[in-house]
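Novice: coords please:
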Amino acid sequence: MSSSMRFLSALLLYAVAAARLAAGVIIFSLMACRYRTWPVAGILVALLAAFPLAWAPLWAVYRKFRGKPAPLVPARLESWKNRGLRNRPRHGLSIRTAYAGGLLLWWTCLLAYFYGAFLFYFHADSSLPRTENTVVLWSQTDRYTPYEGALSDDGRYLIVTHARVTPHGGVSRFDLDTGAAVHITLDDEHAYYPTIFENDHQVLVTSSDFNTLAFRAVSGGTIYRFSLDPFALIDTESCSRPCPIRIVDGPGERNYLIQKDRRSAIIPFDGIKQPCAPEHEAWTVPKSVVGFENMEWMTSPPDHAWLTGEFGGQICLADLSALEIERCVTVGIGVWGTALDRRRHQLWVSRPLLYKVEVRRADTGELIDEIPQKGKPRPLAIDRESRRLFVGHFVSGNVDVVDLETRRVVRSFGTGRSLRRLIVDDRRNRLIAISHAGIFVVPLDA
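Specialist: As a prediction, this is how the structure comes out:
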């Protein structure tokens with residue numbers, strides 16, 4: 001056999017090992033993301049780890065059942081031996097080396113992935129200690145995992161959605177004065193963002209069956225309407241594709257429904273009823289901000305907001321009264337959280353892939369400064385007086401407090417891993433951190 005054929009044979013073995021690795025990663029991701037429990041993950045790890053070891057014995061049993069010799073070697077190597085490769089020891093050695101190398105690569109990558117998945121799914125402690133008097137409002141259980149949240153204007157009620165990483169997604173209302181919680185389970189759907197409408201004393205929650213693996217909605221979605229006090233389900237409204245992701249309370253009586261599929265869209269509507277009505281015209285957002293979920297409102301000019309998406313590579317200033325883009329600024333992929341410093345007219349943007357937080361002009365998006373971060377910053381929040389910026393790190397759950405005058409970190413503390421949302425309660429001088437590990441209420445110094 002020529003050297004080129006030996007190379008192709010070795011390449012084939014590496015490709016088979018890579019295919020097994022990809023299959024194992026996909027199966028583990030789907031199972032662990034849905035159940036996120038130790039027994040299921042442990043059984044899955046055992047099955048995937050035992051698969052390459054059980055392959056040869058199972059083949060031997062099969063050949064013995066068929067009345068053929070049962071060598072404890074893979075069928076591919078056995079067939080190569082029968083073709084006379086015994087007389088070519090150098091080629092046989094290259095085949096065995098390639099096969100062993102492929103298995104070694106498979107095992108190494110699989111163990112590295114399991115270690116990363118363990119840190120992401122099961123490691124609930126931050127690298128920094130929590131502050132004194134931190135209240136753990138909710139700890140992650142196998143049934144409910146916090147996803148997003150909204151705080152009422154008076155700081156009493158906290159609405160939290162629970163993602164469908166478990167068989168039980170839903171919505172919870174926490175009374176921060178008494179600590180009481182009311183949970184309503186949704187019909188096995190993925191609850192996304194809650195929006196509180198204070199004047200109507202109602203809460204709107206978007207929910208949909210969203211296929212994260214294909215990055216598209218496999219069906220439509222539902223908008224749930226709840227009464228704030230008492231917390232109870234009022235009615236539901238079905239939406240066709242693309243699936244509803246978030247309802248934004250805009251200036252005045254006009255609100256906006258964000259939809260996401262292969263392309264993102266915005267539906268403006270008045271009031272809080274029937275946002276998915278057929279008469280509402282959807283505005284398709286440019287591809288440069290595909291997959292966006294954040295709208296950072298400007299105080300001046302009115303009805304203007306910055307649209308940011310994690311994969312689009314640009315941030316765009318949109319005039320939502322005219323439904324058009326005024327300007328876009330190329331920043332690269334990996335834009336996650338935004339926060340507006342209204343006193344200094346600056347826009348803060350988190351860049352988790354680049355381990356930094358950027359400061360940009362709020363009117364043009366021009367870069368002013370960059371602050372390097374040790375972790376991957378995601379959620380951002382600024383207090384009402386624009387004195388402090390709170391930077392949350394997704395993986396570790398740490399929170400850095402930045403003095404907006406000096407742009408220096410003055411304080412750091414821990415919350416819980418997979419930190420998704422930071423909410424500043426200015427009335428009661430506290431910070432609410434929502435993560436996959438739980439919900440934490442952190443008192444802030446005056």
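
Novice: excluding its backbone neighbours, what's nearest residue 352?
Specialist: Computed as C-beta to C-beta, 6 or more residues apart in numbering, the closest residue to residue 352 that is not its neighbour in sequence is residue 376, at 3.8 Å. Backbone N, C-alpha and C define where each C-beta goes, glycine included.

Novice: same thing with residue 231?
Specialist: residue 173 (4.1 Å).

Novice: can you dump the C-alpha atoms of stretch 410-430 in PDB for me?
Specialist: C-alpha atoms of stretch 410-430 as PDB (Å, rounded to 0.1, in the frame of the first residue of the first chain):
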ATOM      1  CA  VAL A 410     -13.400  49.600  44.200                       C
ATOM      2  CA  ARG A 411     -15.000  46.400  45.400                       C
ATOM      3  CA  SER A 412     -15.600  42.800  44.500                       C
ATOM      4  CA  PHE A 413     -17.700  40.000  45.900                       C
ATOM      5  CA  GLY A 414     -19.200  36.700  44.900                       C
ATOM      6  CA  THR A 415     -22.800  35.500  44.300                       C
ATOM      7  CA  GLY A 416     -23.400  32.300  42.300                       C
ATOM      8  CA  ARG A 417     -22.000  30.700  39.100                       C
ATOM      9  CA  SER A 418     -23.700  31.300  35.700                       C
ATOM     10  CA  LEU A 419     -24.600  34.900  36.600                       C
ATOM     11  CA  ARG A 420     -27.200  36.200  34.200                       C
ATOM     12  CA  ARG A 421     -28.800  39.300  35.600                       C
ATOM     13  CA  LEU A 422     -28.000  42.200  37.900                       C
ATOM     14  CA  ILE A 423     -30.800  44.500  39.200                       C
ATOM     15  CA  VAL A 424     -30.000  47.600  41.300                       C
ATOM     16  CA  ASP A 425     -32.700  48.500  43.900                       C
ATOM     17  CA  ASP A 426     -31.900  52.200  44.500                       C
ATOM     18  CA  ARG A 427     -34.800  52.700  47.000                       C
ATOM     19  CA  ARG A 428     -33.400  50.100  49.400                       C
ATOM     20  CA  ASN A 429     -29.700  50.300  48.400                       C
ATOM     21  CA  ARG A 430     -29.200  46.700  47.400                       C
END
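
Novice: which parts of it are buried?
Specialist: If you call a residue buried by 16 or more other C-beta atoms under 10 Å, then stretch 410-430 has these buried ones: 412-425, 430.

Novice: what of stretch 314-329?
Specialist: Buried residues in stretch 314-329, counted by 16+ other C-beta under 10 Å: 314-318, 320, 325, 328-329.

Novice: circling back: wait, the residue nearest to residue 352 touches residue 397, no?
Specialist: No - using C-beta atoms under 8 Å, residue 376 makes no contact with residue 397, being 11.1 Å away.

Novice: higher neighbour count, those two?
Specialist: Remark: of residue 376 and residue 397, residue 397 carries more neighbours, 29 against 20, as counted by other C-beta atoms under 10 Å.

Novice: and the more buried one, how far is that from residue 440?
Specialist: Distance, residue 397 to residue 440, by C-beta to C-beta, to the nearest Å: 9 Å.

Novice: shared neighbours of those two, which are they?
Specialist: 415-416, 433 (C-beta atoms under 8 Å, 6 or more residues apart in numbering).

Novice: ok, those vs residue 349, which is closest?
Specialist: Nearest to residue 349 among the shared contacts of residue 397 and residue 440: residue 433, at 19.9 Å, using C-beta to C-beta.

Novice: got phi/psi on the residue nearest to the closest one when sequence neighbours are not counted?
Specialist: Excluding its sequence neighbours, the residue lying closest to residue 433 (C-beta to C-beta, 6+ apart) is residue 415, at 4.0 Å. The phi/psi pair for residue 415 (degrees, to the nearest 10) reads phi -130, psi -100.

Novice: many thanks, have a good one.
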